[in-house]
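Novice: Structure of the sequence below:
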Amino acid sequence: MDGVLQYLRSHGQGFDTEIAAAIGMPIEKVRRQLADLSADGDVLVCRSIQFKEGQPVEAMLCRVSGYIPPASPGRKPKR
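Specialist: Down below sits the predicted model:
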C-alpha cells in the first residue's frame, strides 16, 4: 500500500491505470489496495467512464483524503 499512497502524495491524484503503470504493479492489486485505503478513509475514489476510440473504459480516479494541492503560480483574481 505504501507504493500507491506514496504515488498519490507525490502526484496529487491519478487514475488506477496510471498508478499501476508508474509503480509496476498489476491493476487488480492496485484496485484492491485502493479499495482498502478508501475503506480506511485515507484515499478518496471516484469511478469514471472515459470513451477512447468510441469504447467505454472504466477507471478509478483517486486522490489522498484531505490533500489540497498548492495554488498554481501566476496572478490570481482579487476578491
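Novice: Only the buried residues of the longest helix anywhere in the chain, if you could.
Specialist: The longest helix of the chain (DSSP state H) is helix 27-40. Buried residues in helix 27-40, defined by neighbour count with 16 or more other CB atoms under 10 Å: Val30, Arg31, Gln33, Leu34, Leu37. No exception for glycine: its C-beta is placed from N, CA and C like everyone else's.
Novice: So which elements touch the next helix or strand after it?
Specialist: Of the helices and strands lying after helix 27-40 in sequence (DSSP states H and E), the nearest is strand 43-52. Other helices and strands packing on strand 43-52, by 3 or more CB pairs under 8 Å, 6 or more residues apart in numbering; DSSP states H and E, are helix 2-11, helix 27-40, strand 55-64.
Novice: helices or strands up against the last one?
Specialist: Strand 55-64 makes packing contacts with helix 2-11, strand 13-15, helix 16-23, helix 27-40, strand 43-52 when contacts are defined by 3+ CB pairs under 8 Å, 6+ apart.
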